[in-house]
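> with the input below, show me the fold.
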Amino acid sequence: MKYIEAVHQFYHLQGVATDGRYMYWSFTDSLVQTSLQGTVLRQVRVHGGHLGDITCHNGRIYGSLVGNSLAGKPWGVWTSFAVHVWDAETLAFLDIIRLDRCYADYQNRYCGFNGIDGITFGTDPDTGEEVLLTACALFTDPAYSRQMILQFSPDGQPQKEHFIETGNTVFGIQNLAREPDTGNYWFTTYESSEPYQPKDRLYCVAPDLHTILASYPFSSPYGFICRGGGRFYATLQAGRNGDRSGYVYEADAACFARGGTEDALTHKIRAAFDPVMGL
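Residues are numbered from 1 along each chain as shown. The predicted structure is shown next:
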């Protein structure tokens, strides 16, 4: 296995993406562009909220963002939901796509809605039109047993909801990606914290955004990339807030089937991975 890394970030790794020229990393409060060998080329600070998963699309980087808690409120009491957009070459900030319908869902705990995180572009299962998909975080409760993916037009107009029966997971879906050659979707979750939560943490879903095709006890909750041809990039992180490092490494279905915990995989990186990933 080979890997690349982005080091010395303040908060933890949230998502990764690539356009074949650069690797992009989201670290809660920063967006980082590196070469495919891990050299930091550009970095911008993200203000006003918690940056989540990211995706590349048509020369732009799209990232899910939940607005910061109000003064005097505990962390995790979100104030808004949006997708932020940057130029993929320069990381210049371009736009905010506001997802206003999410705030009402959050206030009402609609289907356990507790925020947005995973993000990708895909196709409407019925029409084949291009759509923006954002995956939902969930409250921890066995009543919220279905993952929810929200479908929007590319400019952020709400269209549909898609539900996937996995059982409740910690903060719902962390990362969402579309496989370019099959049209299947892959999503990642955190390791279970409650007896009623599933042990599998990586899922492959059909283009209908409903049917689970495969699931694995494999951990990659800090980012996931579909390369096509049965090839993927998975992630790990190390360190603590104040000095975080993120890692992207090559993976495939055989790797997923073997499973693995964060600690075990981190040990593999430290002990055996090659220092530069051949992308």
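
> how about low-confidence regions in the stretch 51-200 of the chain?
In the predicted model of the stretch 51-200 of the chain, residues 70-71, 74-75 satisfy pLDDT under 70.

> now the strands for it?
60-67, 81-87, 93-98, 113-123, 130-138, 146-152, 158-165, 175-178, 185-188 (DSSP state E, counting those that start in this stretch).

> turn those into a markdown table, including distance to Arg201.
C-beta: built from backbone N, CA, C; applies to glycine. As requested, the strands of the stretch 51-200 of the chain are exported to a markdown table (distance: least, CB to CB, whole Å):
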| stretch | distance to Arg201 |
| --- | --- |
| strand 60-67 | 19 |
| strand 81-87 | 24 |
| strand 93-98 | 28 |
| strand 113-123 | 13 |
| strand 130-138 | 14 |
| strand 146-152 | 12 |
| strand 158-165 | 14 |
| strand 175-178 | 11 |
| strand 185-188 | 6 |
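
> can you list those strands in CSV and add mean neighbour count?
As requested, the strands of the stretch 51-200 of the chain are exported to CSV (neighbours: other CB atoms under 10 Å):
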stretch, mean neighbour count
strand 60-67, 22
strand 81-87, 20
strand 93-98, 15
strand 113-123, 23
strand 130-138, 24
strand 146-152, 22
strand 158-165, 15
strand 175-178, 25
strand 185-188, 26
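
> out of those, which gets nearest to Val205?
Closest to Val205 of the strands of the stretch 51-200 of the chain is strand 185-188 (CB to CB; 4.6 Å).

> list the neighbouring strands of the closest one plus their orientation.
Strands that pair with strand 185-188, judged by DSSP bridges, come out as strand 175-178 (antiparallel), strand 202-205 (antiparallel).

> please name the bridge partners of Met23.
Beta-bridge partners, per DSSP bridges, of Met23: Thr18, Thr34.

> one more: Ile96?
His84.

> spit out the contact partners of it.
For Ile96, the contact set (CB atoms under 8 Å, 6 or more residues apart in numbering) comprises 82-85.

> need those in TSV (columns: distance to Asp155).
Output for those, formatted as TSV (distance: CB to CB, whole Å):
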residue	distance to Asp155
Ala82	13
Val83	10
His84	14
Val85	11
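
> for Asp105, find the nearest of the strands paired with strand 185-188.
Closest among the strands paired with strand 185-188, using CB to CB: strand 175-178, at 17.4 Å.

> can you show me the CA trace of the closest one as CSV?
This file holds the C-alpha atoms of strand 175-178, laid out as CSV (Å, rounded to 0.1, in the frame of the first residue of the first chain):
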residue,chain,number,x,y,z
ASN,A,175,-18.7,10.7,3.4
LEU,A,176,-20.6,10.1,0.1
ALA,A,177,-19.1,9.3,-3.3
ARG,A,178,-20.3,8.1,-6.7
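
> now that strand, how far from the chain's geometric center?
How far strand 175-178 lies from its chain's middle: 6 Å, per CA atoms, centre = their mean, to the nearest Å.

> give me the contacts around that strand.
Contacts for strand 175-178 (CB under 8 Å, 6+ apart): 15, 53, 55, 117-122, 133-135, 149, 184-188, 220-226.

> let's see it at 6 Å
15, 53, 118, 120, 122, 135, 185-188, 223-226 (CB atoms under 6 Å, 6 or more residues apart in numbering).

> what's the answer for stretch 160-171, then?
Contacts for stretch 160-171 (CB under 6 Å, 6+ apart): 137, 142, 144-151, 189-190, 193, 197-198, 205, 209.

> endpoints of that stretch, how far apart?
Taking CA to CA, to the nearest Å as the measure, stretch 160-171 stretches 21 Å from start to finish.

> and the strands paired with strand 185-188 as CSV, adding distance to Leu94?
Listed next are these as CSV, based on distance: least, CB to CB, whole Å:
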stretch, distance to Leu94
strand 175-178, 21
strand 202-205, 30
